[in-house]
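Student: The following block contains a protein sequence and its predicted model.
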Amino acid sequence: EMLISLCQDCFAKQRSILNHLEYEGISVSHVQEPLDEYDFRVRNFAVDLKDGVCLAKMMDIVTNGCNILSSLRLPADSRKH
């Protein structure tokens, strides 16, 4: 959607920028994972560090890239309805 919005003015005569790019042999795809949208900012230690995802991110930083976040399941199965 963002690519389409940005290119709408530049390619006003093209019906679809994605079709044009595909014609040129350029494939556009994107997958957004739950961690891409996660807010890791800590505002209140007492509250925010109870969050397991924030704790895992902190451990990744402290241990110099142990990559704990990649082993988490997000969203947690217990939170799915």
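Tutor: Received the coordinates, thanks. Numbers count the residues shown, from 1 in each chain.

Student: Just the pLDDT for the residue most central in space within the chain.
Tutor: Geometric centre of the chain, nearest residue: residue 36, 2.2 Å, by Cα atoms, centre = their mean. pLDDT, residue 36: 82.

Student: Regarding the protein, what is its longest helix?
Tutor: Scanning the chain for the longest helix, with DSSP state H as the assignment, gives helix 52-62.

Student: so where's the chain uncertain?
Tutor: 1-4, 6-15, 76-81 (pLDDT under 70).

Student: Let me see the ranges of the helices in it.
Tutor: For the chain, the helices defined by DSSP H occupy 2-7, 17-23, 45-48, 52-62.

Student: Now render these as a markdown table, adding mean neighbour count and distance to residue 74.
Tutor: C-beta coordinates here come from the backbone N, C-alpha and C atoms, glycine included. Shown next, in a markdown table, are those (neighbours: other Cβ atoms under 10 Å; distance: least, Cβ to Cβ, whole Å):
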| stretch | mean neighbour count | distance to residue 74 |
| --- | --- | --- |
| helix 2-7 | 11 | 23 |
| helix 17-23 | 13 | 29 |
| helix 45-48 | 10 | 17 |
| helix 52-62 | 15 | 7 |
